[in-house]
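Colleague: mind looking at a prediction? Sequence and model below.
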Amino acid sequence: MRSIAAMGRSEHTKGLLIAIAGVLILSPDALMVRLIDADIWSLLFWRCLLTALTTSLLLFLNYRSRFLQSFRAVGTAGLYSASTILLGSILFVNSLKQTAAANTLIILAATPVISSLFSYLFLKEKIARRTWLAIFCCFGGIVLIFSGSLSSGFLLGDFLALGATCMWATNLVILRSGKEVNMIPANVIGNLSVLPIALLCGAAPLQVSPQDASLLLLLGGLLLPVSFALITIAPRYLPAPEVSLILLIETILGPIWVWLVLHEIPESLTLVAGCLILTTLLIHTLLGMRAGKAA
């Protein structure tokens, strides 16, 4: 019995380390997007292409001869998932260029509760009372961010962030509906789908500066695919609510990196909204973990 308990603790610790590593690797994403001077569409082209190539390499190493079959296996649900990744990527990057990084990341933090709302609407899943309260509190925080942006000119960027949040939330619902299939290939399809749109919108991928190229290579070729892989693996060893809790670290670290490097200070209403949303998600996740242990 002791050996089983020790094994369980070891698996839990492994999951914690994997999830924390994934979040730490992901946390400079917003800063790097802000540091890249290339136009939006060239940035999106390389960000998505490099992410797709590295993720494909990881898939190939895992599946080998079944590599192509893994793409066929995602089916129609995978195509829907790829569509949300396509739109979400475009909205997210444009948001970071149009509003404060803290605004974008705090709005994105509401993805889990918006996903619960969409699950209720489209999958007819029941929502606990605590989740309804969390949904209302998070939307209240988003309204606070929007009200603060009326005078700062960030409103368009906030709406783009909300659109990206809805896309990520929709993707979570799609992943839940097809959870028996590995949907990572859908992520590759979604990222590759951005490329022709970026080119049609004026991307000049061969004209990026050497400095931008190095940042893009680091971001799309390493940070994004590795962090995505780690965050995807973590739930194998750790309950999903705990993974969600650890993901909140990125909402805190992301604006801190931007503040340290670019000296961008969030609006006071954004800070209030961030406290409201993060506290709500923290309490909601802890209550969910407690309910899961009691079941």
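Modeller: Arrived safely.

Colleague: use CA for all of it now, contacts and neighbours both
Modeller: Fine.

Colleague: so how far is Pro225 from Leu248?
Modeller: Counting by Cα to Cα, to the nearest Å, the separation of Leu248 from Pro225 is 19 Å.

Colleague: okay, the two: which has more neighbours?
Modeller: Pro225 (26 against 18; other Cα atoms under 10 Å).

Colleague: residue contacts, that one?
Modeller: For Pro225, the contact set (Cα atoms under 8 Å, 6 or more residues apart in numbering) comprises Thr51, Ala52, Thr54, Thr55.

Colleague: all helices of the stretch 1-150 of the chain, in order?
Modeller: Secondary structure of the stretch 1-150 of the chain (DSSP state H, counting those that start in this stretch): helices at 2-26, 29-35, 40-63, 67-72, 75-98, 101-108, 111-122, 129-152.

Colleague: so which of those is the most packed in?
Modeller: helix 101-108 (a mean of 28; mean count of other Cα atoms under 10 Å).

Colleague: pull the CA atoms of it into CSV?
Modeller: The C-alpha atoms that make up helix 101-108 are tabulated as CSV, following Å, rounded to 0.1, in the frame of the first residue of the first chain:
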residue,chain,number,x,y,z
ALA,A,101,-0.9,42.8,-22.7
ALA,A,102,-2.5,42.6,-19.3
ASN,A,103,-5.9,43.3,-20.8
THR,A,104,-5.5,40.5,-23.4
LEU,A,105,-4.2,37.9,-20.9
ILE,A,106,-6.7,38.7,-18.2
ILE,A,107,-9.6,38.4,-20.6
LEU,A,108,-8.1,35.1,-21.9
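
Colleague: buried residues in stretch 234-249?
Modeller: Residues 234-235, 237-238, 241-249 are the ones in stretch 234-249 that count as buried (16 or more other Cα atoms under 10 Å).

Colleague: now do stretch 195-205
Modeller: Those would be Leu195, Ile197, Ala198, Ala203, Ala204, Pro205, for stretch 195-205 by 16+ other Cα under 10 Å.

Colleague: try stretch 224-234
Modeller: So for stretch 224-234, counting by 16+ other Cα under 10 Å, buried means Leu224, Pro225, Val226, Ser227, Phe228, Ala229, Leu230, Ile231, Ala234.

Colleague: thanks a lot, catch you later.
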